[in-house]
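[1] sequence first, predicted model second:
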There are 4 protein chains.
Amino acid sequence: MSKKVGICLIGSGRAGMIHANNFNTKVPNAEMVAVCDPVEEAAKKACEQLGISTYYLDYKEALKDDNVDAVVVASPTKYHKEIVVAAANAGKDILCEKPMAMNVEECDVMIKEAKYNNVKLQIAFMRRFDEGFMQAKEIIDSGEIGEVVLVKSLTRGPSIPKPWMYDISKSNGPLAEVNSHDIDAMRWLAGSEFKTIYGIADNYRAPQVKEQYPDYYDNVIMAIQFENGVQGLMDGATSVRYGYDARAEVLGTEGCIFIGGTNANNTVTCSLNNGKKRKVMNSWMNLFKDAYTAEDVSFIDCIINDQEPKVTGHDGKMAVKIVEAGMQSIKTKKVIDLNKM
Amino acid sequence: MSKKVGICLIGSGRAGMIHANNFNTKVPNAEMVAVCDPVEEAAKKACEQLGISTYYLDYKEALKDDNVDAVVVASPTKYHKEIVVAAANAGKDILCEKPMAMNVEECDVMIKEAKYNNVKLQIAFMRRFDEGFMQAKEIIDSGEIGEVVLVKSLTRGPSIPKPWMYDISKSNGPLAEVNSHDIDAMRWLAGSEFKTIYGIADNYRAPQVKEQYPDYYDNVIMAIQFENGVQGLMDGATSVRYGYDARAEVLGTEGCIFIGGTNANNTVTCSLNNGKKRKVMNSWMNLFKDAYTAEDVSFIDCIINDQEPKVTGHDGKMAVKIVEAGMQSIKTKKVIDLNKM
Amino acid sequence: MSKKVGICLIGSGRAGMIHANNFNTKVPNAEMVAVCDPVEEAAKKACEQLGISTYYLDYKEALKDDNVDAVVVASPTKYHKEIVVAAANAGKDILCEKPMAMNVEECDVMIKEAKYNNVKLQIAFMRRFDEGFMQAKEIIDSGEIGEVVLVKSLTRGPSIPKPWMYDISKSNGPLAEVNSHDIDAMRWLAGSEFKTIYGIADNYRAPQVKEQYPDYYDNVIMAIQFENGVQGLMDGATSVRYGYDARAEVLGTEGCIFIGGTNANNTVTCSLNNGKKRKVMNSWMNLFKDAYTAEDVSFIDCIINDQEPKVTGHDGKMAVKIVEAGMQSIKTKKVIDLNKM
Amino acid sequence: MSKKVGICLIGSGRAGMIHANNFNTKVPNAEMVAVCDPVEEAAKKACEQLGISTYYLDYKEALKDDNVDAVVVASPTKYHKEIVVAAANAGKDILCEKPMAMNVEECDVMIKEAKYNNVKLQIAFMRRFDEGFMQAKEIIDSGEIGEVVLVKSLTRGPSIPKPWMYDISKSNGPLAEVNSHDIDAMRWLAGSEFKTIYGIADNYRAPQVKEQYPDYYDNVIMAIQFENGVQGLMDGATSVRYGYDARAEVLGTEGCIFIGGTNANNTVTCSLNNGKKRKVMNSWMNLFKDAYTAEDVSFIDCIINDQEPKVTGHDGKMAVKIVEAGMQSIKTKKVIDLNKM
């Protein structure tokens, strides 16, 4: 066999470790060669889990490692631009977690540097690799539901925000943390860019932080018009208490597609008093497990076959831009035209 | 408008009153004209519910009433033969509840007398009028699932047996009381008669009556071979505690049909701890509400248009015969060949 | 039995006849006594279907009929106010189809006249009587899903607009014709009034009328804020080609409720090439059949027991007001504050 | 990290390669070290897929390899006994595919030898490691559905039999090839051994082999009584054309559990003419993908922690015995008492 693509994980948090485990065990032609995390203990623990020994505390050192062919950037968002630019300059291919960056300007720099250095830059919107979403996209493209009229998408997660996330000026809240995936999926399914956006957001589940963080919100809704005339509705939530819920719906002139569901598995119990129970999906880690693997496989395939990634820097940038527009709408309580930002 | 078909209900129990209410309010060209019940209080109460005034304590008197064009026989099974024969002789059309009679010989007499007197004799297997069952039958007939290979059917009800039902020599137990409907539906869906039957039955939910009624059973399973080679599996239960459950499945050489389900409606609640809940169908009275109406409409149509009922005396008789064979198999623990009974 | 409530149907179209049939056959203590329709042929045909003989061409004549205790107003919307006011002055109780009237001013007059004449005025939002919606409301009220955060509701129907409906200045389009039900259900489930509304609408399925009726739309989305802070998302469509689809969702701080679904029944066919098929609900007439009956039963109960109808003139008026606000938002492409209209 | 358990795959067919890929990539503390297949090309191809280089044509040679700590026996069933005995004598732990062996006598020898040599012998009934089946078992054990009354299980697969399988004297047909899993799951869920069994089987889908193989069957049903009084119903099929279908149901005195389903994923399309479509699960390889991994993880855990496997040689033997009894019932058309075989 030919040499495998050597991967270094930068940022050993939850999403990062999913990728690392995939590259370590499920992705042909890839192997984890190093982990980079400024917290030595975290880096060591990740190495132990992955059965490897090389770790770095400084990503600049990691980028000097010749065994590293590609990096997974899963650090806090505010470091994405700096790391991606450095990785591109070091000639490393890049899989970058979402949100791509703090703002559109950063995205532009990242895209430009990746292009200049001729490295792959893939943004980690794994729904594009989910079997159900891909099937829906195929059905749309086949014309079976006619012309797309309306795309709906929602994500509601059980995660309790980390303390820093309550400061919306730093995190952009669920719109960035949760709905980035919906935004990307909606652009993909609608086959068009967002034109106008109107959003409403509020804090329903964390009254205790209202005084300190009056802008914090944990539930958001959006009404969207796409450039091609398609309509969009989106909602997002964090701290929901019934499980993990990610569903989408595409209404066409001749039919409708439903994507996703909330069942954890197919086991259903009927018991006393006419009650029927089943488990709810508990986490994106289970719901999108296979999608993460397919995403990582696709990343390696792009490197090996020198192809354009299926989710590009432009896709990452548009999600960032739409989050910005959404936040502006929430603050101003007005409809925002993305062409006039 | 032409004269409506005047109906007399004989036996004002639960199933009887469903028919009576249908004829009273939902069936065009029919009207309830009398109720007959040996218990005067019951007869009076039924009249009050139906908004009519004529009642009889003796069915023989009811049959003399010229306003009565047809009767619904919903008395205890042991009186079915006597009443049906008398009604036939009086020239009344007959809708007879299941089980048709106590044994095959009684059925033969009933069929003969109805034929001789040229009156309609319809047996109340309402599943044949259920939208879902009818759709399945159409799909089978269309050839969409190829040749039928296996028919499965089950009915599980919440009813606690009335005291007399514990004596299997009188009631034949759930096989007659509950599974008569499955037997009829299976014959219909398989398009063939039962050839051999093997059954197992036991008492799981009423340990308190085991000593007095050692033969009582509340759960029964059956493996069947049809004359045309189709296979069959059936199960039945009474006193189940989770709701009312009637489902069927038809496996063909090229596909499979699923009929029925246990949801009470479409409302689903996801709540804390990843639990998803919905209500279970609680009663055949809800599940087959529309089927009862369609059955009663069809009965009147047959009378008005002088057509053969969709469920005949022969159908009623075969269900009785199969229950007999099933009981024999349960007792002897052997496979019973219906052609050798 | 005491005298039944005599009903006259005014306007013998599709919805009107559903009510008439219910009062004729399914509602205790009610009876159809007359039909009123300016088209004599329609009036006669309705009488024939109902098995009654009295019809009027002019509603003013019908209101003089002493056998008429109550009226069902199912005429075109533009006549609602005139008829309801006359009926109130004639002392008749009123079940009025939606939309209640052409504008809020008309609604105010209708409410005032009904109150002054001490007659019942119930608006026909039958979802409030649907088993699934009622169960959801109970669950919300029980606190099981915590505080309500977001209410979503959609209705998509297969109806092709009648010619006059293309003129939005006359019909208000699907927002009035279809989504009136969603608006009412959302107010009910949210437990609050609409505060702001933002809508987008366009014509996707009738390109042939774009030139003549540039304002016509067949698909609409809405983002809503309620007075109590609850968020709302709504979508509506007409001329959809996959069936009839009415679903709602209530997200709370501790859970979520899903209402409704698109299955016609429980029969599912698996056939060649891994395809699984089932029928889609085809019409509101099937989906809400039992809700219509319960609504009509409730109307009679209110009359007999002299109670406030469960859906009042105020409810009808609010739906009209929200449609007005929605239309204004669609036209101005701005967020509309209902308190500033 | 400590040394990994070195695995040699014996028999590089479809099921074998699933295990090999799991040990290669998804199971911590295990690594594939060799493949053994008498067909050199197959052995080489398997090595290539696994990224390893050692292969053997003779299992006896493989058992001499010190890097091999454990073997996966996935050869044709008729070689299972010989290989397992040799592996046990060589001190290798054993994961043996189902059916365990050709007959009960062979199973006894295998169990004895594994015990004598103190090696693990796990039989590959992966449903015991499936999330849904495990959840059902937990619910049963919790008492939530009361006492178990009836266990139903079915497996229908799309596989067209390989030519040798038409000879039932060699393959035992779907009862062994397909229903072994149901048999094991039913014993596990019922918490008891089979006492009596009655089966019917026939050839519905391969008329072309009827003359040459009159005993061949592709559809089988079974009615079962367990030692503890629980009832059982089973059905099995091969060559079904609608997908892969494995479902079970456990009826208790106080409730019911449904396990499994036929949906490939959650994407549903509603299109013209009220049709709703979704994909059917196409293969056990997808349905039980995670169960296979969990099974392999459990095997390694048992080795490392020196524990009894969760599915023992006794479990494998009982499935073989029940297949024998089932075949005897099919041939004799009689109920078979397993205690009298």
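    Nice, thanks for sending it over. Numbers count the residues shown, from 1 in each chain, chains lettered A, B, ... in the order given.

[2] only C-alpha atoms for contact and neighbour calcs from this point on.
    Will do.

[3] distance of the residue in the stretch 51-200 of chain A positioned nearest to chain C from C:Arg205?
    Residue nearest to chain C within the stretch 51-200 of chain A (Cα to the nearest Cα): A:Val149, separated by 6.8 Å. Relative to C:Arg205, A:Val149 is positioned 9 Å away (criterion: Cα to Cα, to the nearest Å).

[4] what does stretch A:227-235 contact?
    With contact meaning Cα atoms under 8 Å, 6 or more residues apart in numbering or on different chains, stretch A:227-235 is reached by A:148-156, A:179, A:182, A:186, A:190, A:192-195, A:219-226, C:200, C:221, C:233.

[5] what's the helix or strand for the residue of the stretch 51-200 of chain A closest to chain C?
    For A:Val149, the element it lies in under DSSP states H and E is strand A:148-156.

[6] buried ones in the next helix or strand along the chain from that strand?
    Next helix or strand after strand A:148-156 toward the C-terminus (DSSP H and E): helix A:168-171. If you call a residue buried by 16 or more other Cα atoms under 10 Å in any protein chain shown, then helix A:168-171 has these buried ones: A:Ile168, A:Ser171.

[7] mind checking how far helix A:168-171 is from the chain centre?
    Taking Cα atoms, centre = their mean, to the nearest Å, one finds the center of helix A:168-171 at 17 Å from the center of the full chain.

[8] what of stretch A:22-37?
    Offset of stretch A:22-37 from its chain centre (Cα atoms, centre = their mean): 20 Å.

[9] export stretch A:135-145 as CSV, just CAs?
    The C-alpha trace of stretch A:135-145 is given here as CSV (Å, rounded to 0.1, in the frame of the first residue of the first chain):
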residue,chain,number,x,y,z
GLN,A,135,-30.8,11.1,-0.6
ALA,A,136,-33.0,14.2,-0.3
LYS,A,137,-30.5,16.2,-2.5
GLU,A,138,-30.7,13.4,-5.1
ILE,A,139,-34.4,13.4,-5.1
ILE,A,140,-34.5,17.2,-5.5
ASP,A,141,-32.0,17.1,-8.4
SER,A,142,-34.0,14.3,-10.0
GLY,A,143,-37.0,16.7,-10.3
GLU,A,144,-39.3,14.3,-8.5
ILE,A,145,-40.7,17.1,-6.3
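
[10] got the contact list for that stretch?
    A:146, A:148, A:189, A:251-257, A:259, D:267, D:271.

[11] buried ones in that stretch?
    So for stretch A:135-145, counting by 16+ other Cα under 10 Å, buried means A:Gln135, A:Ala136, A:Lys137, A:Ile139, A:Ile140, A:Glu144, A:Ile145.

[12] before we move on, the earlier item: check whether the strand holding A:Val149 contacts chain D.
    No: judged by Cα under 8 Å from any Cα of the partner chain, strand A:148-156 stays clear of chain D, getting no closer than 12.8 Å.

[13] mind listing the strands that strand pairs with, and their directions?
    strand A:231-237 (parallel), strand A:245-252 (antiparallel) (DSSP bridges).

[14] rewinding a little: need the overlap of contacts for A:Val149 and C:Arg205.
    With Cα under 8 Å, 6+ apart as the test, A:Val149 and C:Arg205 both reach A:Thr253.

[15] neighbour count for those two, which is higher?
    A:Val149 (27 against 22; other Cα atoms under 10 Å in any protein chain shown).

[16] from what I can see that one touches C:Asn203, true?
    No: using Cα atoms under 8 Å, A:Val149 is not in contact with C:Asn203; the gap is 9.4 Å.

[17] so what touches the strand holding A:Val149?
    Strand A:148-156 has contacts (Cα under 8 Å, 6+ apart) with A:140, A:178-179, A:182, A:185-186, A:189-190, A:229-240, A:244-253, C:204, C:219.

[18] what does the stretch 51-200 of chain A put close to chain C?
    Within the stretch 51-200 of chain A, the positions near chain C by Cα under 8 Å from any Cα are A:Val149, A:Gly199, A:Ile200.

[19] rerun that using 10 Å as the cut-off
    Selection of the stretch 51-200 of chain A residues close to chain C by Cα under 10 Å from any Cα of the partner chain yields A:Ile145, A:Gly146, A:Glu147, A:Val148, A:Val149, A:Leu150, A:Lys152, A:Arg156, A:Tyr198, A:Gly199, A:Ile200.

[20] out of those, which comes closest to chain D?
    Closest to chain D, out of all of these and judged by Cα to the nearest Cα, is A:Ile145, at 6.3 Å.

[21] for the helix or strand in which A:Asp296 is found, give the mean pLDDT please.
    With secondary structure defined by DSSP H and E, A:Asp296 is part of helix A:289-305. Average pLDDT, helix A:289-305: 96.

[22] repeat for stretch A:191-207
    98.

[23] ends of it, what's the gap?
    Chord length of stretch A:191-207, first to last residue, is 39 Å (Cα to Cα).

[24] returning to that earlier point: shared neighbours, A:Val149 and C:Asn203?
    Residues touching both A:Val149 and C:Asn203 (Cα atoms under 10 Å, 6 or more residues apart in numbering or on different chains): A:Gly229, C:Asp218, C:Asn219, C:Val220, C:Ala237.

[25] around the first one, how many other residues sit close by?
    I take that to be A:Gly229. Neighbour tally, A:Gly229, other Cα under 10 Å: 20.

[26] I'd say A:Ser283 and A:Ala264 touch.
    Yes: under the criterion of Cα atoms under 10 Å, A:Ser283 makes contact with A:Ala264 at 9.3 Å.

[27] of the two, which one has the most company?
    Under the criterion of other Cα under 10 Å, the comparison of A:Ser283 against A:Ala264 puts A:Ala264 first, with 21 against 18.

[28] run the contact check for the host helix or strand of that one versus chain C.
    If you go by DSSP H and E, A:Ala264 is part of strand A:263-271. No: judged by Cα under 10 Å from any Cα, strand A:263-271 and chain C are separated, with a smallest distance of 13.0 Å.

[29] what helices and strands are in contact with that strand?
    strand A:275-280, helix A:284-287, strand B:275-280, helix D:131-142, strand D:245-252, strand D:255-259 (3 or more Cα pairs under 10 Å, 6 or more residues apart in numbering or on different chains; DSSP states H and E).

[30] what's next to the third one, contact-wise?
    Translated: strand B:275-280. Residues from elsewhere that reach strand B:275-280 (Cα under 10 Å, 6+ apart): A:242-243, A:262-264, A:268-282, B:242-245, B:261-271, C:135, C:255-258.

[31] now for the worst-scoring helix or strand of chain A on mean pLDDT, which elements pack on it?
    Lowest mean confidence among the helices and strands of chain A (mean pLDDT, DSSP states H and E): helix A:168-171, at a mean of 87. In terms of contacts (3+ Cα pairs under 10 Å, 6+ apart), helix A:168-171 is packed against helix A:174-177.
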